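> Output the structure for:
(one chain, ligands or ions: 1)
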Amino acid sequence: MKSALIIGITGQDGAYLSRLLCDKGYRVAGTSRDAQMANRSGLAALGVADRVTIHSASVTDFRGLWQAVERCEPDEIYNLAGQSSVGLSFEQPLETFESVAAATLNILELLRLLGKPVRLYNACSTEVFGNAPGPADEESPFRPRSPYAVAKAAAHWAVANYREAYGLYACSGILSNHESPLRPQRFVTRKIVAAACRIAGGSGERLSLGNTDVVRDWGWAGEYVDAMWRMLQQDEPGDYVIATGRSFSLQDFIVRVFAELGLDHADHVDRNPGLLRPSDILVSRANPAKSQEKLGWRATMAMPEVAAAMVRAEQKTSHQETIA
Ligand code: NDP
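Numbers count the residues shown, from 1 in each chain. As a prediction, this is how the structure comes out:
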């Protein structure tokens, strides 16, 4: 039986990856900064809360991580922890850098000193490409436009350096935005879906948003975790762009969500300049050709399917809450 340690198991991707690995027969453990207080709702929603063990360890604390690794003896480590919001990174730049870049270095040092053939997946992001002139691939230059992207870029190069310098099996997945009902509402997709469902239920509120012209590639989290796993099953470690290859504007997403509910978005949405970021990526496009060819991975859900699935899930949840 293979063993996996998911650092940051309580997040959106941690929950989906836990389900995937449990279903594959892995023994799955994870870390949370405080296991007793850990938010297990995502794991519970996917039916795996009782199938995983959670250890207390902060991703920046060498000793805590070392203990977790000793207990789990993992074959594979997935680093999904850290401050993951681009917007929040402008308010918490140092916390973001430490929990993403310094933390990744911490894990790499641990693996170097451990000296065992443990494989590492590191969660990078297409945010590192900034406003790329065309669809970005593994060879495209990094032009980060947020403290989050700066931290992800630093972590990415640390992984590449340890792979080259020490021969570690370490990979970065450069993932485009991927969504699910497990996204917290501070992320704009879930904010839109949740508000639209409340409006459809008669709340009478208005939805206030920043720049809705931004273009992104939105996929489905449940599919993206499969790409993470595939990366660690290859003969050689490498970096892979994971995306649907289809980008849409946020405006397109809004129109789609409200249309799913039989509503006209124009009657319910306001633009709020106060919500604009100090700097933002206008257009994000990514080319997943390498992952399609080498990993045999391909997204089946892009923005339209993601929007519809999120609306369906939100309606189900709010219906359950009404009953309770
Ligand atoms: P989440 O924010 O849902 O989960 C990350 C986990 O990290 C949290 O559950 C939390 O666990 C821990 N964490 C949060 N803040 C901090 C902090 N300041 N310091 C240390 N730990 C923290 O992220 P996702 O599951 O959505 O994403 C997983 C990884 O993939 C992240 O690194 C993210 O940046 C990256 N990524 C995500 C994309 C997406 O669209 N979802 C796109 C590209 C990359 P706890 O509180 O239990 O300690």
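
> For the rest of this, base every contact and every neighbour count on C-alpha atoms.
Will do.

> Who does the residue lying closest to K290 once chain neighbours are set aside form a beta bridge with?
In space, K290 comes closest to Y240 once its chain neighbours are excluded; the distance is 6.7 Å by C-alpha to C-alpha, 6 or more residues apart in numbering. On the basis of DSSP bridges, Y240 is bridged to G173.

> domains in this structure, as residue ranges please.
Split into domains by automatic domain parsing, the chain comes to 3-178+220-242, 181-216+246-284+301-323.

> pLDDT (mean, whole number) over the longest one?
The average of the pLDDT scores along domain 3-178+220-242 is 98.

> Restricting to C-alpha, output the host helix or strand of N106 in CSV.
Assessed by DSSP states H and E, N106 sits inside helix 103-114. The C-alpha trace of helix 103-114 is given here as CSV (Å, rounded to 0.1, in the frame of the first residue of the first chain):
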residue,chain,number,x,y,z
ALA,A,103,7.7,26.9,3.2
THR,A,104,8.5,25.2,0.0
LEU,A,105,12.2,25.6,0.7
ASN,A,106,11.6,24.1,4.2
ILE,A,107,10.0,21.0,2.6
LEU,A,108,12.9,20.7,0.0
GLU,A,109,15.5,20.9,2.8
LEU,A,110,13.6,18.3,4.7
LEU,A,111,13.6,15.9,1.7
ARG,A,112,17.3,16.6,1.0
LEU,A,113,18.3,15.7,4.6
LEU,A,114,15.9,12.8,4.8
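
> just the angle between the helix or strand following it and helix 103-114, please?
With elements assigned by DSSP H and E, the helix or strand that comes after helix 103-114 is strand 119-125. Relative orientation of strand 119-125 and helix 103-114, computed by axes from the mean of the first three to the mean of the last three C-alpha atoms, to 10 degrees: 170 degrees.

> and R19, how many neighbours?
For R19, the count of nearby residues is 22 (other C-alpha atoms under 10 Å).

> That one contacts V48, correct?
Yes. In this structure R19 lies within contact range of V48 using C-alpha atoms under 8 Å: 6.0 Å.

> need the residues of the stretch 1-150 of the chain near the ligand, please.
Applying C-alpha under 6 Å from any ligand atom, we find that the stretch 1-150 of the chain lies next to the ligand at 8, 10-14, 32-33, 38, 59, 80-84, 95, 99, 123-125.

> Go through the residues you listed and flag which are in helices.
Among these, DSSP state H puts 12-14, 95 in helices.
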